[in-house]
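Chemist: coords below, sequence missing:
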């Protein structure tokens, strides 16, 4: 996650890659989003923008989809964040003041690219959102 020019690493929650398999064939299991929280809290301003960059993937191509979901620290779903523009990795933090877990999920579909590997990776971030 990149915020105000600084990069923050999330906590890897889960990843799975298989040659020739789609996401539906991999069947990601439901996860407890608060099980693997990072030790650091990132302070974010409400209505600011944050970029999410996936690194260390099995390919150099960007993911086919990138999804950022917000949860309370007791694992209650809040919302899916809106991208600033279509097909981008920048999302608006349109959340009320408080502590949240941001779940960043990236997927690759082997039918949409030249490589024959499908998979997903999920990272957790612990954030504190405050008004300006």
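Modeler: Nice, thanks for sending it over. Bear in mind the structure is a predicted one, so any value in this text is a computation, not a measurement. Numbering: from 1, shown residues only.
Chemist: so the residue nearest the centre of the chain: helix, strand or coil?
Modeler: In the chain, the C-alpha nearest the mean C-alpha coordinate belongs to residue 104, at 0.9 Å (CA atoms, centre = their mean). Recorded secondary structure, residue 104: strand (DSSP: H, G, I helix; E, B strand; the rest coil).
Chemist: ok, what's across the strand from it?
Modeler: residue 68, residue 123 (DSSP bridges).
Chemist: same check on residue 14?
Modeler: Beta-bridge partners, per DSSP bridges, of residue 14: residue 122.
Chemist: number of nearby residues for it?
Modeler: Using other CB atoms under 10 Å, residue 14 is surrounded by 15 other residues. Placement of C-beta: from N, CA and C, glycine included.
Chemist: against residue 120, how distant is it?
Modeler: 8 Å (CB to CB, to the nearest Å).
Chemist: kindly report the same for residue 86.
Modeler: 21 Å.
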